[in-house]
Structure formats: C-alpha cells, structure tokens
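Asks: Whatever this is, show me its structure:
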Amino acid sequence: MTPTETPGSDPEKRVPTDILPSTTGPSPLEDDPVPQKHHITDETGALAASALTSAPLDASESRSILTKLDRRILPFLCITYALQFIDKTSLGYSSVYGIIKDNKLVGQQYSWASSVFYFGYLVAEYPGVAVLQRFPVAKFLGVNIVLWGMILMTTAACSSFAGLASVRFLLGVTEATISPGFVAVTGMWWTRQEQAGRSALWVSFLGVGSFVGTLLAYGIGHITGSLSPWKYIFLILGAITVIWGVVFTIFVPDGPAKVAWLTEREKVVAVQRVAENQTGTGRSRTFVKAQVLEAAKDPAVIILGLISFVNAIASGGLAFGSLIIQGLGFSPLNTTLMNLPLSTVQVVTQLGAGFLSSKIKSSRLHVGTVAMIPPVCNSESCWLISH
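Replies: I've put the predicted structure just below:
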C-alpha cells in the first residue's frame with residue numbers, strides 16, 4: 001500500500017494524504033515513526049472521502065472546472081502579482097520626481113534604500129512560508145496585501161534615509177510570502193500539466209505591472225497639488241493595493257471545501273483533478289526535516305536557486321533605470337515613458353516562454369536557456385561600448 005492509498009481504495013482514485021480526515025502513519029522520509037497531525041477541517045476531510053468513492057473523473061467535468069478556475073481565481077493571482085511589482089519598484093518611479101532631494105539622500109543612500117527591501121524579503125521568506133502552512137492560504141495572503149499597501153502609503157511621510165529604509169524593509173517583509181503563496185495556490189487548483197501555463201501567465205504580469213505602473217507614474221507626475229509628485233505615487237498606489245487586498249481576501253477561496261461557486265459534485269471533481277499532483281488541497285502543519293534536507297541536496301533545486309540569485313542581481317538595476325535615463329537628458333515625464341519598451345518586451349517574452357513550455361514536452365530548460373541569451377548579449381554589448 002502506498003502512502004497515498006487507504007484500505008480498499010482504488011489506486012486510480014488517489015487523493016493527497018494531507019486532506020484525509022485523519023492520518024497517523026509515519027512519513028516515508030522519516031527514520032522514526034512520528035504521528036502526523038494535519039488539522040484538516042471536517043469539510044475538507046468529507047470532501048476527500050467523497051473523492052475516493054465517487055464516480056471516475058469525466059473529461060468534460062474536468063474542462064468545466066478548469067474554465068471556472070481560470071475565470072475566478074487566475075485573474076486575482078495575475079492582478080496581485082502586477083501590483084506587487086508596481087509597488088516594490090515604485091521607488092524607481094519616484095526617483096525622478098524629487099524623493100532623493102526631499103529625503104536628503106546622499107552618496108549610496110538611495111542604493112541602500114532600494115536594497116533594504118530585499119533584506120526584509122529574506123528575513124521574512126522562510127518564517128512566512130511556515131506561517132503560510134498554519135493559516136488559510138488566501139486569507140493570509142490577503143492580509144499581507146492590505147498590510148503592504150498601508151506600508152507603501154506611509155512612504156509619503158518619510159523625510160530621511162532612516163525613515164525611508166525602515167518602510168522599505170517592512171515592505172519587503174509583507175511581500176515575501178506572495179510568490180511562495182501563489183505557487184501553493186497554483187498547485188492546489190491546477191494539475192501539473194496545467195501549472196506551467198498558469199504560472200507563466202501570472203508571472204508575466206510583472207511586465208504588465210511595469211507597463212501599467214509606468215503609465216500611472218506618468219499620469220501622477222502631472223498632478224500639481226500641495227504635495228510633491230513622488231508622494232502622490234505612494235499614496236495612490238498604496239490605496240489601490242489596500243482596496244485590492246480586501247477584495248482578494250473576500251473572493252479568493254482557501255480550498256475546494258468552501259467554494260460557493262462550485263457544486264458539491266464539482267468540489268469533488270476539483271479534488272480528483274489534482275490528486276495526481278500529490279501536493280494536497282488542505283494544510284499540513286507538520287515540518288519534516290528529512291524532506292527539507294532531501295530538497296536541499298537536489299541538484300535541480302540548487303541550480304534553480306543559483307539562477308534565481310543571478311537573476312535577482314541583474315534585477316537590482318531596475319531601481320536605477322529611471323535615474324540613468326534621466327541622466328541622458330530626458331525630462332522626468334519622458335524618462336517615465338522610456339520604460340514602456342522594456343515592459344512590452346517583458347510581457348511578450350514571459351508569455352511566449354510559458355506557452356512554449358506548456359506545449360512542448362520537456363522544453364522548460366531549453367526555453368529558459370534561450371531566454372537568457374539576449375540579456376547576456378546586451379550586457380556584453382554595453383560593456384564593449386563603454387570600452
């Protein structure tokens with residue numbers, strides 16, 4: 001009997017063990033048997049039991065569920081990811097509208113104000129993921145969205161490097177759980193075959209966020225009120241995020257058990273669809289050290305981590321993009337518009353890469369490698385020109 005089967009169950013109707021009503025068997029990765037307490041709701045347990053005993057999954061039912069998921073959950077992920085990018089890069093937009101002067105930033109202080117966001121991100125990443133396991137995923141993410149929107153608004157009150165750095169650090173703390181949270185949500189609702197395309201779509205909204213953020217910053221730059229233009233950027237963007245966080249909390253479900261727009265049969269089908277993922281739709285509060293060590297030793301995980309690290313280094317230059325363009329002689333408003341081509345290329349590339357990865361089997365590594373070639377060549381060209 002495998003860890004995902006129950007006595008008398010059909011191997012073709014497997015559901016992840018973390019949504020079963022009660023499980024006390026040891027983890028297969030642990031040397032010593034340790035009781036596993038999953039703290040799953042009665043509704044989720046009943047739904048799992050129904051998935052085991054219900055009729056086989058029908059293709060038409062699966063397509064119907066997929067359509068509902070794409071319409072009712074995916075847009076929330078996409079828009080939130082766009083807002084996250086807009087908000088964390090808002091410092092770059094404000095750099096040409098007077099924030100450096102008003103906060104009396106000198107030397108490397110602007111650079112540190114940009115970098116300290118990632119310090120907060122690093123500090124909160126792993127604790128945030130642990131908390132994510134213990135609370136309803138969507139509600140926890142919604143609260144974080146509201147918090148980072150409020151923190152972003154307080155940036156308008158900053159008048160020194162210390163204040164600005166503190167706010168940026170807290171912004172990084174509250175945004176840290178969004179990416180891992182979205183990975184969990186994607187695995188909760190979509191099959192492995194569907195995840196590549198959906199993940200690529202919400203990740204591509206980084207480019208959409210850059211595009212929309214550029215237009216918003218350009219429009220806000222025309223405001224002639226009693227405050228400096230950079231303050232309006234943080235106040236308006238922060239207010240939008242707070243409102244969106246409330247909407248996200250209300251409308252994004254934490255799992256199939258309590259979804260109002262699914263019938264009881266559709267809830268069962270939603271669980272059956274993702275059973276093959278073996279990742280579950282409930283919450284497991286059990287920390288298994290052996291699983292962490294196994295992942296840490298996986299060459300694929302190590303390589304992907306290095307790729308993400310190098311990519312993050314290059315992304316740090318985004319904070320200086322507007323200042324560099326302005327240094328070429330452009331006005332603040334025109335400098336803002338000059339970021340639009342970058343945003344357009346980003347959207348097209350990410351959507352294209354996701355589409356190819358989902359349509360061509362075992363192509364993700366090749367697509368990712370090809371996608372890295374243009375920026376490497378561009379960086380090399382810039383170095384050659386400077387010499």
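
Asks: The stretch 1-150 of the chain: helices as residue ranges?
Replies: 42-53, 59-72, 74-88, 90-94, 99-102, 109-134, 137-154 (DSSP state H, counting those that start in this stretch).

Asks: right, so of those helices, which gets closest to residue 178?
Replies: With C-beta to C-beta as the criterion, residue 178 lies closest to helix 74-88 of these, at 5.4 Å. For every residue, glycine as well, the C-beta is placed using N, CA and C.

Asks: what comes into contact with the closest one?
Replies: For helix 74-88, the surrounding residues in contact (C-beta atoms under 8 Å, 6 or more residues apart in numbering) are 117, 141, 145, 148-149, 152, 171-172, 175, 178, 182, 185-186, 198, 201-203, 205-206, 208-210, 212-213, 216, 237-238, 240-241, 244, 248, 251-252.

Asks: Mind checking which of those are in helices?
Replies: Applying DSSP state H to the contacts of helix 74-88, the entries found in helices are 117, 141, 145, 148-149, 152, 171-172, 175, 178, 182, 185-186, 198, 201-203, 205-206, 208-210, 212-213, 216, 237-238, 240-241, 244, 248, 251.

Asks: Buried subset of those residues as a ChimeraX selection?
Replies: Selection of buried members from those for ChimeraX, criterion 16 or more other C-beta atoms under 10 Å:
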select :117,141,145,148,149,152,171,172,175,178,182,185,186,198,201,202,203,205,206,208,209,210,212,213,216,237,238,240,241,244,248
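
Asks: buried set for stretch 343-361?
Replies: 343, 346, 347, 350, 351, 353, 354, 355, 356, 357, 358.

Asks: Output those residues in a markdown table, with distance to residue 191 and pLDDT appended to each entry.
Replies: Listed next are the buried residues of stretch 343-361 as a markdown table, based on distance: C-beta to C-beta, whole Å; pLDDT from 0 to 100:
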| residue | distance to residue 191 | pLDDT |
| --- | --- | --- |
| 343 | 31 | 79 |
| 346 | 27 | 80 |
| 347 | 25 | 80 |
| 350 | 21 | 78 |
| 351 | 20 | 80 |
| 353 | 20 | 81 |
| 354 | 16 | 75 |
| 355 | 17 | 79 |
| 356 | 19 | 82 |
| 357 | 15 | 77 |
| 358 | 11 | 74 |
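
Asks: shaky segments in this structure?
Replies: Low-confidence segments of the chain, defined by pLDDT under 70, are located at 1-57, 277-287, 314-320.

Asks: quick one, what contacts the residue lying closest to residue 198 once chain neighbours are set aside?
Replies: Of all residues not flanking residue 198 in the chain, residue 190 sits nearest, at 5.4 Å (C-beta to C-beta, 6 or more residues apart in numbering). Contact partners of residue 190, counting by C-beta under 8 Å, 6+ apart, are 66, 69, 198, 274.

Asks: just the helices of the stretch 1-150 of the chain: most buried one?
Replies: Most buried of the helices of the stretch 1-150 of the chain, by mean neighbour count (mean count of other C-beta atoms under 10 Å): helix 90-94, with a mean of 25.

Asks: Next, give phi and psi for residue 223.
Replies: Main-chain dihedrals, residue 223, degrees, to the nearest 10: phi -70, psi 130.

Asks: Can you report how many residues lie near it?
Replies: The burial count assigned to residue 223 is 13, neighbours taken as other C-beta atoms under 10 Å.

Asks: Which helix or which strand is home to the nearest residue to it once chain neighbours are set aside?
Replies: The spatial neighbour of residue 223 that comes closest, neighbours along the chain excluded (C-beta to C-beta, 6+ apart), is residue 232 at 5.1 Å. For residue 232, the host element (DSSP states H and E) is helix 229-251.

Asks: Which strands or helices does that helix pack on?
Replies: Where contact means 3 or more C-beta pairs under 8 Å, 6 or more residues apart in numbering; DSSP states H and E, helix 229-251 is packed against helix 74-88, helix 90-94, helix 137-154, helix 192-220.
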